[in-house]
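Asks: predicted model and sequence follow; I will ask about them next.
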2 protein chains.
Amino acid sequence: MQKLLYLAVAYGLSATAPALAQQAAEKVDAATLAKIRDEGLNRSKVMETAFYLTDVCGPRLANSEGLKRANEWTQKQMALWGLSNAKIEPWGDFGRGWDIEKSYVAMTAPYYHAMIGAPKAWTPGTNGVLKKQVVLVKAATEADLDKYKGQLRDKIVLTEVANEPKTTFTADAKRYTDEELQKMTAPAEPRPAREGGDEAARTAFRARAALRTKMTEMFMQEGAAAVLSTRGGSHGTFFTSNGAPYAADAKPVLPEIEMAPEDQLRLIRLVEAGIPVELEMDTKTKFQTQDLKGYNVVAEIPGTDRKLKSEVVMLGAHLDSWHAATGATDNAAGCAVMMEAVRILKTLSVKPRRTIRVALWGEEEQGLHGSRNYVKNHFGDPATMKLLPEHEKLAAYFNLDNGSGKIRGIYAQGNEQVQPIFAEWLRPFADLGATTVTPRTTGGTDHLAFDAVGLPGFQFIQDGLDYNTRTHHTNMDTYERLQPDDLKQASVLVASFVYNAAMRDQKLPRKPLPAAPTASPTKS
Amino acid sequence: MQKLLYLAVAYGLSATAPALAQQAAEKVDAATLAKIRDEGLNRSKVMETAFYLTDVCGPRLANSEGLKRANEWTQKQMALWGLSNAKIEPWGDFGRGWDIEKSYVAMTAPYYHAMIGAPKAWTPGTNGVLKKQVVLVKAATEADLDKYKGQLRDKIVLTEVANEPKTTFTADAKRYTDEELQKMTAPAEPRPAREGGDEAARTAFRARAALRTKMTEMFMQEGAAAVLSTRGGSHGTFFTSNGAPYAADAKPVLPEIEMAPEDQLRLIRLVEAGIPVELEMDTKTKFQTQDLKGYNVVAEIPGTDRKLKSEVVMLGAHLDSWHAATGATDNAAGCAVMMEAVRILKTLSVKPRRTIRVALWGEEEQGLHGSRNYVKNHFGDPATMKLLPEHEKLAAYFNLDNGSGKIRGIYAQGNEQVQPIFAEWLRPFADLGATTVTPRTTGGTDHLAFDAVGLPGFQFIQDGLDYNTRTHHTNMDTYERLQPDDLKQASVLVASFVYNAAMRDQKLPRKPLPAAPTASPTKS
């Protein structure tokens, strides 16, 4: 009865739900889990780790100096904790390194106003002070650009603001309600059809992307001096992105600053009212082309069971971030939790049957490059479904990449057989708010790399907090946004899942292997 | 019954409340009020006015160039609308003018990071690039400062952060609920006693102020290069204040930047972890000592009634702001509404019996200087209660200075006799959300100057929106924060109140004259 009740809690079902009989056999080591909880909640180092990742290493853009510092620090730190085989492992070719060395932009007429912004990633700097008039370019189609021909030479181009800041009557941060979690125990509801259909939306998206590319080329051809743009945000928070390809042979672009919307909008309103606006810009960015490789950091707690130690339980999170903040919630939080989980297990001297391997991925923000290439190098290629010998040895992969919120459960990623196992594993942590196994899939991060070759890769459910409103990809994704109690809880949960997976008699059940994509017909 | 019901609505009372019989006689001119509503809601210029006050004039610190631009523009604009006697009227001596000409601060070690901040008002600039190590000074008492002696020469001093940013699970912006408005119809509840009593709180406040003064002096004496401090805020929003007296003969202070807390805290955490931090600063500020006077802008719609045109109904709001934003909600909003109210009345060619005079006050933020001195120059001196002849002629003063929220009612400011009058005046606007007359007093702005000499000065109740969380005195008090529909509503309400006061047979009833303060005994 107790077990039934617990299972019901774990599933978020009522106590009268049918028992999942096949799961009665799922054993957990309650004594070790209690020690994990004690170490993780009472002697946590997760915030200290997070401080080093964020404040000390700084922004960790793909192949930047900050990411290099973070690679070196994490390798060293995990070795200091006693982990084995701590190494910075190249995954293949990425592209150019890029760092900001100076960032200053101000309005100097009609009056002085220092503005908030940062160079877009992989754009060049002005290399000295530029003092120029601005021109506003408004274009919904390529044809609209024609009227600006001959108008842009030596000017700073302002582009339009798609998302204006709004006064908000809802809170920035929130947690999952019981009702929302309960809903997630059912398969995902079909997505409501988009107006005009998905294809129409994709066509519109491609048209916007093509227009942006055209604008970038035209500003360059017309001899504009620089570009100011914004993707949104409010109150001094702005969203960041890349402004040019990171490829070593990318075409040159203009210096471009991504702006706080309030500052961009002030400039736009003044220009539209016919008031001459002059700006002063002084930015410097540094390209690095000596080392174009990307890296992951890995470290291990070796397995101790003669038969099982060649098998591996992996856990990971991406170490890279965007460049205008220190990537605290995206994703120093996840890395700090994963490092803390292995620190807890190492500190407790658990003797895992399987080998535990933590991976801190590089270049996630540009397309999960670190994890995808790691999987390709170690497990198999999703393009061909040719598998490597290690593929058979991976017991599970656990990922964390949804900010600083505590763990409320886990996505089974469409793997029915793991659901009752995860429900049992969550059971001892119901009092910490982690109760939900959802059959649903989730995307957007590194577990997808494993899932793509049929390996059991999972992402946890986390409270969203202010991830989508304030922190994710913004200039304000800083240490302040981290919630110590949430990160401690998450560290305990992850450590326990990893431990369970390392001790279990069997590897975690897998979904059927995906079929290799059929080769696309060659173009005639 | 209808009147009874309306009165009940106006008072926020139930329909069974006793009628206020003496008010049956309060007449309003429904036809003109309908025209005011139509002009104000359907042909509003309030946002255009607000745009000029904010974006075009810029920050409007006391005696700054921005405030000078705003004085000149508002005088000219009101004259263009056909108002009479539009003038910039000096109120007396204020102090130095001060403007920012450059503002840049960045961390250059352990890595580059451009930071968000602005010079504190009336502080000098660095006048060129300063590149220095930082020292964190932590002091709870003067004695704590001793250990920093000899440590500060040529360093940038970091001071502590009292209010760290928190992740918020409540909305930035809110409106009054019906329940809250209902509560306000009763006299204010006694303030809960402070821990240790009010005197203890005052003593603690004075001690903190004395410590700050001591720190400022010590940093100067020790030869520090500059100071970074913060008063709070979050996500790129920071609160601003003055860093030195505006008096022409003020003692010199160091360059000081008020910082976004996230940036200040990052520096502090790095220093506390023993990591050397280097900053780069480049600020330039300009002092103006040619004209030390302060000014108000006034303009009139002359009265038309032979007997009553020498009497005046005033409306006003302060035109000055803090310096790191454009003072949109504090208080371009109030000024735009007051200007719009007189524009509406002028456009409708109403023939007010009394003269209507709008005043845009200067130097409110430094102590209601503009309004207090206007009152002293025109109506009487609260220090002596010696009254001038104009005192008798003022029918009413209406003020607006609580941000961009719509008007929900009015503070009767302890004047019992005006309550039923205001209730009648609000009656036609119940559908616009303005229903509440509170007997309570409110402070903090320019109606107090009138109240202090026994003149009927009133401030409206406004929805708070994000005034206290995001806009009031911050670097993000910008045009985006203005709510067009709210400001249109407020313009209609104010125009109607002013019109009613100008047409009424009697001036508004007054509270008893305050007694002149007794002279304080001379110190022995």
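Replies: Cool, the structure landed. In this text the structure is predicted, and so the values were computed from the model without any measurement. Residues are numbered from 1 along each chain as shown, chains lettered A, B, ... in the order given.
Asks: which other residues reach the longest helix that chain A contains?
Replies: Scanning chain A for the longest helix, with DSSP state H as the assignment, gives helix A:197-221. Outside helix A:197-221, the residues that touch it by CB atoms under 8 Å, 6 or more residues apart in numbering or on different chains are A:137, A:139-142, A:145, A:148, A:152, A:157, A:159, A:194, A:227, A:252-254. Just so you know, the C-beta spots here come from the backbone N, C-alpha and C atoms, and that holds for glycine as well.
Asks: and these, which are buried?
Replies: A:Val137, A:Ala139, A:Leu145, A:Tyr148, A:Leu152, A:Val157, A:Thr159, A:Val227, A:Val253, A:Leu254 (16 or more other CB atoms under 10 Å in any protein chain shown).
Asks: can you give me the strands in the stretch 101-250 of chain A?
Replies: Assigned by DSSP state E, counting those that start in this stretch, the stretch 101-250 of chain A shows strands spanning A:113-114, A:117-119, A:130-137, A:156-159, A:226-229.
Asks: can I get those in CSV including mean pLDDT?
Replies: CSV is the format used below for the strands of the stretch 101-250 of chain A (pLDDT from 0 to 100):
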stretch, mean pLDDT
strand A:113-114, 98
strand A:117-119, 97
strand A:130-137, 98
strand A:156-159, 98
strand A:226-229, 98
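Asks: ok, and which of these has the densest surroundings?
Replies: When those are scored by mean count of other CB atoms under 10 Å in any protein chain shown, the highest mean neighbour count falls to strand A:117-119 (a mean of 26).
Asks: which strands or helices does it pack on?
Replies: strand A:97-109, strand A:256-259 (3 or more CB pairs under 8 Å, 6 or more residues apart in numbering or on different chains; DSSP states H and E).
Asks: hang on, the earlier thing: just put the strands of the stretch 101-250 of chain A in TSV and tack on distance to A:Ala395.
Replies: Below are the strands of the stretch 101-250 of chain A laid out as TSV (distance: least, CB to CB, whole Å):
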stretch	distance to A:Ala395
strand A:113-114	54
strand A:117-119	42
strand A:130-137	55
strand A:156-159	49
strand A:226-229	46
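Asks: tell me the angle of the longest helix of chain A relative to strand A:130-137?
Replies: 140 degrees (axes from the mean of the first three to the mean of the last three CA atoms, to 10 degrees).
Asks: go through stretch A:46-63 and flag the buried ones.
Replies: Going by neighbour count (16+ other CB under 10 Å), the buried part of stretch A:46-63 is A:46, A:49-63.
Asks: and if you look at stretch A:373-391?
Replies: Across stretch A:373-391, burial judged by 16+ other CB under 10 Å covers A:Asn373, A:Tyr374, A:Val375, A:Lys376, A:Asn377, A:His378, A:Phe379, A:Gly380, A:Asp381, A:Pro382, A:Glu390, A:His391.
Asks: burial count for the closest residue to A:Arg343 other than its chain neighbours?
Replies: Leaving out its chain neighbours, the residue that sits closest to A:Arg343 by CB to CB, 6 or more residues apart in numbering or on different chains is A:Trp81, at 5.2 Å. The tally of other residues near A:Trp81 (other CB atoms under 10 Å in any protein chain shown) stands at 18.
Asks: ok, now A:Phe398?
Replies: A:Phe398, neighbours per other CB under 10 Å, totals 25.
Asks: do A:Asp249 as well
Replies: 7.
Asks: pLDDT (mean, whole number) over stretch A:199-210?
Replies: For stretch A:199-210, mean pLDDT rounds to 90.
Asks: to clarify, my last question referred to stretch A:83-103.
Replies: 98.
Asks: in that stretch, which residues are buried?
Replies: Neighbour counts using 16+ other CB under 10 Å place A:83, A:86-87, A:89, A:91-92, A:94-100, A:102-103 of stretch A:83-103 among the buried residues.
Asks: with stretch A:27-40 instead?
Replies: Across stretch A:27-40, burial judged by 16+ other CB under 10 Å covers A:Val28, A:Thr32, A:Leu33, A:Lys35, A:Ile36, A:Arg37, A:Glu39, A:Gly40.
Asks: surely the last one and A:Val342 touch.
Replies: Same thing as A:Gly40. No - using CB atoms under 8 Å, A:Gly40 is not in contact with A:Val342; the gap is 11.6 Å.
Asks: where do the contact lists of these two overlap?
Replies: Contacts common to A:Gly40 and A:Val342, judged by CB under 8 Å, 6+ apart, are A:Ala495.
Asks: which ones among the buried residues of stretch A:27-40 map onto strands?
Replies: Judged by DSSP state E, the subset of the buried residues of stretch A:27-40 located in strands is empty.
Asks: residue of chain A with the smallest distance to chain B?
Replies: A:Gly236 (2.0 Å; CB to the nearest CB).
Asks: mind listing what the nearest residue to that residue once chain neighbours are set aside touches?
Replies: Distance criterion CB to CB, 6+ apart; nearest residue to A:Gly236, sequence neighbours excluded, is B:Gly236 at 2.0 Å. The neighbours of B:Gly236, taking CB under 8 Å, 6+ apart as the test, are A:Ile116, A:His235, A:Gly236, A:Thr237, A:Phe238, A:Ala260, A:Asn475, A:Met476, B:Ile116, B:Ala260, B:Glu262, B:Met476.
Asks: could these go into a markdown table alongside pLDDT and distance to B:Leu426?
Replies: Below are the contacts of B:Gly236 laid out as a markdown table (pLDDT from 0 to 100; distance: CB to CB, whole Å):
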| residue | pLDDT | distance to B:Leu426 |
| --- | --- | --- |
| A:Ile116 | 98 | 41 |
| A:His235 | 96 | 33 |
| A:Gly236 | 96 | 38 |
| A:Thr237 | 97 | 39 |
| A:Phe238 | 97 | 42 |
| A:Ala260 | 98 | 39 |
| A:Asn475 | 98 | 45 |
| A:Met476 | 98 | 42 |
| B:Ile116 | 98 | 43 |
| B:Ala260 | 98 | 41 |
| B:Glu262 | 98 | 44 |
| B:Met476 | 98 | 32 |
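Asks: helices - which of these land there?
Replies: Among those, the members found in helices (DSSP H) are B:Glu262.
Asks: checking A:Thr285 next. Helix, strand or coil?
Replies: strand (DSSP: H, G, I helix; E, B strand; the rest coil).
Asks: got the contact list for it?
Replies: A:Trp98, A:Asp99, A:Ile100, A:Glu101, A:Pro119, A:Thr123, A:Pro124, A:Gly125.
Asks: mind putting these into JSON lines with distance to B:Arg408?
Replies: Below are these laid out as JSON lines (distance: CB to CB, whole Å):
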{"residue": "A:Trp98", "distance to B:Arg408": "52"}
{"residue": "A:Asp99", "distance to B:Arg408": "52"}
{"residue": "A:Ile100", "distance to B:Arg408": "47"}
{"residue": "A:Glu101", "distance to B:Arg408": "52"}
{"residue": "A:Pro119", "distance to B:Arg408": "45"}
{"residue": "A:Thr123", "distance to B:Arg408": "48"}
{"residue": "A:Pro124", "distance to B:Arg408": "53"}
{"residue": "A:Gly125", "distance to B:Arg408": "50"}
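Asks: interface residues of the stretch 301-450 of chain A facing chain B?
Replies: By CB under 8 Å from any CB of the partner chain, the residues of the stretch 301-450 of chain A that approach chain B are A:Thr326.
Asks: looking at chain A, which helix or strand does the model trust least?
Replies: Across the helices and strands of chain A, mean pLDDT, DSSP states H and E gives its lowest value to helix A:2-11, namely a mean of 35.
Asks: okay, buried residues for stretch A:237-255 please.
Replies: In stretch A:237-255, counting by 16+ other CB under 10 Å, buried: A:Thr237, A:Phe238, A:Phe239, A:Thr240, A:Asn242, A:Gly243, A:Ala244, A:Tyr246, A:Val253, A:Leu254, A:Pro255.
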